[in-house]
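S.K.: Fold the stuff below for me.
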Amino acid sequence: MLECLKKDATLSMIKVDNQDISTFDRETYEYTLDPVDYTKTYIDVEGILNDTDLDSRAKITTNGRKYLTTGDNTISLLVDADDGAVANQKTYILHVYRNKNDSIELETEEINKTINIA
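M.R.: So this is what the prediction gives:
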């Protein structure tokens, strides 16, 4: 029996913290998310395969919890098609900016003002 493997390595949706990316399009491979507060140390990312065949070997690498550093963060979701061919792989990229800790900067400013009193 000849097995017909699919070449679809696209996603039907990307969810961040269980919320759909509202501008998602399966043929758009890069997204910039809204900045997050300093207190947010991670986001949960879930890619939903477009190939929903239960027998499919299509897979997503890097689904799950992603820890964020202060500043710019880049998260890549690598999607392999059912046929496993490298030529059919797709990479979706998410950019998210984690804000700096403003309270530390304010405290540092106050300390500097106190030290610089003449």
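S.K.: residues touching Lys66, list them.
M.R.: By Cβ atoms under 8 Å, 6 or more residues apart in numbering, Lys66 lies in contact with Tyr42, Ile43, Asp44, Val45, Asn73, Ile75. Using the backbone N, CA and C atoms, a C-beta is placed for each residue, glycine as well.
S.K.: Go ahead and confirm the second one touches Asp17.
M.R.: Yes - counting by Cβ atoms under 8 Å, a contact exists between Ile43 and Asp17, whose distance comes to 5.7 Å.
S.K.: So for the two, which residue has more residues nearby?
M.R.: Under the criterion of other Cβ atoms under 10 Å, the comparison of Ile43 against Asp17 puts Ile43 first, with 18 against 12.
S.K.: ok so, going back, quick check: the farthest pair among the contacts of Lys66?
M.R.: Largest separation among these by Cβ to Cβ: Asp44 and Asn73, giving 13.7 Å.
S.K.: Which one's more surrounded, those two?
M.R.: Neighbour count, other Cβ under 10 Å: between Asp44 and Asn73, Asn73 has more, with 17 against 13.
S.K.: That one contacts Arg98, doesn't it?
M.R.: Yes - with contact defined as Cβ under 8 Å, Asn73 reaches Arg98; the gap is 6.3 Å.
S.K.: any low-confidence regions in this protein?
M.R.: For the chain, the stretches with pLDDT under 70 are 1-3, 103-118.
S.K.: If Glu30 is in a bridge, with which residues?
M.R.: Ile93 (DSSP bridges).
S.K.: which residues touch Asp53?
M.R.: Neighbours of Asp53 in contact, by Cβ under 8 Å, 6+ apart: Lys6, Asp82.
S.K.: For this structure, which segments are assigned as helices?
M.R.: With DSSP state H as the criterion, the chain has helices at 102-115.
S.K.: all strands for it, in order.
M.R.: Ranges of strands in the chain, per DSSP state E, are 11-16, 19-20, 30-32, 42-49, 59-61, 64-67, 71-80, 90-98.
S.K.: do you know which of those strands lies nearest Leu5?
M.R.: Shortest distance between Leu5 and those, using Cβ to Cβ, is found for strand 71-80: 11.2 Å.
S.K.: Note down every partner strand of that closest one and its orientation.
M.R.: Here strand 71-80 is paired, per DSSP bridges, with strand 59-61 (antiparallel), strand 90-98 (antiparallel).
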